[in-house]
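J.: the sequence isn't on hand, but the structure is:
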């Protein structure tokens, strides 16, 4: 396999110092604020991002020490394939979060809807674009049964 080398463009500063404190998804922790501190050479990349309400953050699960092909998600006792869950213990340890941009100042992007550990290395930031990223008639596999009839599972259950 070809080796791919990536470098962090910055770091996430969040109030979550331990993974047990992180909400199961950022949307369940909407009142919490964090920020990305970009390396100075990437500050120009933030130009015009303040016109978007949300961003997609790609990051590296730097605390994960293992790789799993199957894992047990927070809502189930059954294991599922790693590509059907959002576990950090995946090949390449790449994470993705959709966050709400609060403000951008100098080399910092402040955001809410945080579900990321403090000091997490950032790989990329992309604007969330409803015209491209929102889909109709979405199926969510094994998760659909947990949200049936508008039910929202207990968001305080930790990973």
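T.: Cool, got the structure. Owing to the predicted nature of the structure, the values given are computational and were not obtained by experimental measurement.
J.: neighbouring strands of the longest strand along the chain in the sheet, and parallel or not?
T.: Criterion DSSP state E: the longest strand present in the chain is strand 94-105. Here strand 94-105 has these sheet partners by DSSP bridges: strand 54-60 (antiparallel), strand 108-112 (antiparallel).
J.: residue 131: which of these is closest?
T.: Nearest to residue 131 among those is strand 54-60 (12.8 Å), distances taken as Cβ to Cβ. C-beta coordinates here come from the backbone N, C-alpha and C atoms, glycine included.
J.: now the closest one: mean pLDDT?
T.: This predicted structure assigns strand 54-60 an average pLDDT of 97.
J.: and it, which residues are buried?
T.: Using 16 or more other Cβ atoms under 10 Å as the test for burial, strand 54-60 gives 55, 57, 59-60.
J.: now the element after it, going C-ward?
T.: strand 70-71 (DSSP states H and E).
J.: what residues does that next one touch?
T.: 79-82, 85, 87, 89 (Cβ atoms under 8 Å, 6 or more residues apart in numbering).
J.: I'd like those residues as TSV, with pLDDT, secondary structure and distance to residue 99 appended.
T.: What follows is the contacts of strand 70-71, written out as TSV (pLDDT from 0 to 100; DSSP: H, G, I helix; E, B strand; the rest coil; distance: Cβ to Cβ, whole Å):
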residue	pLDDT	secondary structure	distance to residue 99
79	95	coil	29
80	94	strand	25
81	96	strand	26
82	95	helix	23
85	90	coil	20
87	89	coil	19
89	94	coil	22
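J.: show me the beta-bridge partners of the residue nearest in space to the middle of the chain.
T.: The residue lying closest to the centre of the chain (Cα atoms, centre = their mean) is residue 97, at 2.3 Å. With DSSP bridges as the criterion, residue 97 is bridged to residue 57.
J.: quick revisit: got a markdown table for the strands paired with strand 94-105, with distance to residue 138 too?
T.: A markdown table is the format used below for those (distance: least, Cβ to Cβ, whole Å):
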| stretch | distance to residue 138 |
| --- | --- |
| strand 54-60 | 17 |
| strand 108-112 | 24 |
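J.: give me the contacts around the longest strand of the chain.
T.: Around strand 94-105, the neighbours that count as contacts under Cβ under 8 Å, 6+ apart are 26, 30, 33-34, 46, 49-50, 52-61, 86, 88, 109-116, 120, 123, 128.
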